[in-house]
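>>> kindly return the folded structure for what I paste below:
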Amino acid sequence: MKLCVIPARGGSKRIPRKNIKDFLGKPIIAYSIEAALSSGCFDRVIVSTDDEEIVGVAREYGAETPFVRPPELANDYAGTLPVIKQAIEWFEQNDQAPQFVCCLYATAPLVRPETINQVFQQFQESGADYCFTVTHFASPIQRAIKIAASKRLEMFYPENFNVRSQDLEEAYHDAGQLYWGKAEAFKQQTPIFSEAASPFILPRYLVQDVDTPEDWILAELMYQALSQTGLN
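Take a look at the predicted model:
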């Protein structure tokens, strides 16, 4: 069985009620649910939540909510891997054991159904424990700067001041969208950011992590622009 788990707890500090906040006309979680269902890739699409209002929204848009997430996995310190592990173990004990699992974030309105399928295809071909979306940093991280206690600037890596940008190694970051993995890898809590994972590279114009109010504005602008150009 191929299982899609969309984690969506009720609490959110920086953007209150983030997972069901209106995003251009519908709750932001609806975009992830609809992409998962439209992909045709999954036997089950579920939302893991501790919140009754999120349960109602999830079901309205076609996802299942077969259990209530335990309180210890719904606080500010709960990581994603334990949440996915709990969902897998619930299905093993109450339903059909999944073989492959996709963790799809609730705040990923730019995710596309075809991307879900493409990542799964690469996942199978790679033989890795995981495959997830990444994109490259817009600027070389080796030339990053910080504001010191003196309110002046410092380089993180001063030795790279005179190195040409094109001579520095390209760096990538998590796109914050989806993570395919073997059920056993999730259960064993195998680290995702490791040699166990195969990276699926997305162009930056399809990536916007949504953690702050500024991120939210950028995501809405990007979604509208992509819709107008037919790229979304």
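
>>> buried sites along the longest strand that the chain contains?
Taking DSSP state E as the criterion, the chain has its longest strand at strand 172-182. Buried positions in strand 172-182, judged by neighbour count with 16 or more other C-beta atoms under 10 Å: 175, 176, 177, 178, 179, 180, 181, 182. (C-beta placed from N, C-alpha, C; glycine too.)

>>> could you do stretch 184-198 as well?
Residues of stretch 184-198 classed as buried: 185, 186, 187, 190, 192, 197, 198 (neighbour count, 16+ other C-beta under 10 Å).

>>> quick check: the gap between the second one and residue 79.
In this structure, residue 186 and residue 79 are 12 Å apart, going by C-beta to C-beta, to the nearest Å.

>>> any chance you could map the helices in this structure?
Listed in chain order, the helices of the chain (DSSP state H) span 28-39, 52-60, 80-94, 113-126, 183-187, 213-229.

>>> report the buried residues of the third one.
Along helix 80-94, these residues count as buried under the neighbour rule (16+ other C-beta under 10 Å): 80, 81, 83, 84, 85, 86, 87, 88, 90, 91.

>>> equivalent analysis for the last one, please.
Of the residues in helix 213-229, those with enough neighbours to count as buried (16+ other C-beta under 10 Å) are 215, 216, 219, 220, 222, 223, 226.

>>> for it, which outside residues touch it?
14-15, 21, 23-24, 109-110, 205-206, 208-210, 232 (C-beta atoms under 8 Å, 6 or more residues apart in numbering).

>>> give me the buried subset of those residues.
15, 23, 109, 110, 206, 208, 209, 210, 232.

>>> thought residue 175 was touching residue 205?
No - counting by C-beta atoms under 8 Å, residue 175 stays clear of residue 205, with 11.5 Å between them.

>>> now residue 24. Nearest residue, chain neighbours left out?
residue 220 (5.8 Å; C-beta to C-beta, 6 or more residues apart in numbering).

>>> read off the pLDDT value for the one you found.
Listed pLDDT for residue 220 reads 98.

>>> can you check the one 5 residues further on too?
For residue 225, the pLDDT comes out at 96.

>>> and it, how close does it get to residue 24?
Taking C-beta to C-beta, one finds residue 225 at 12 Å from residue 24.
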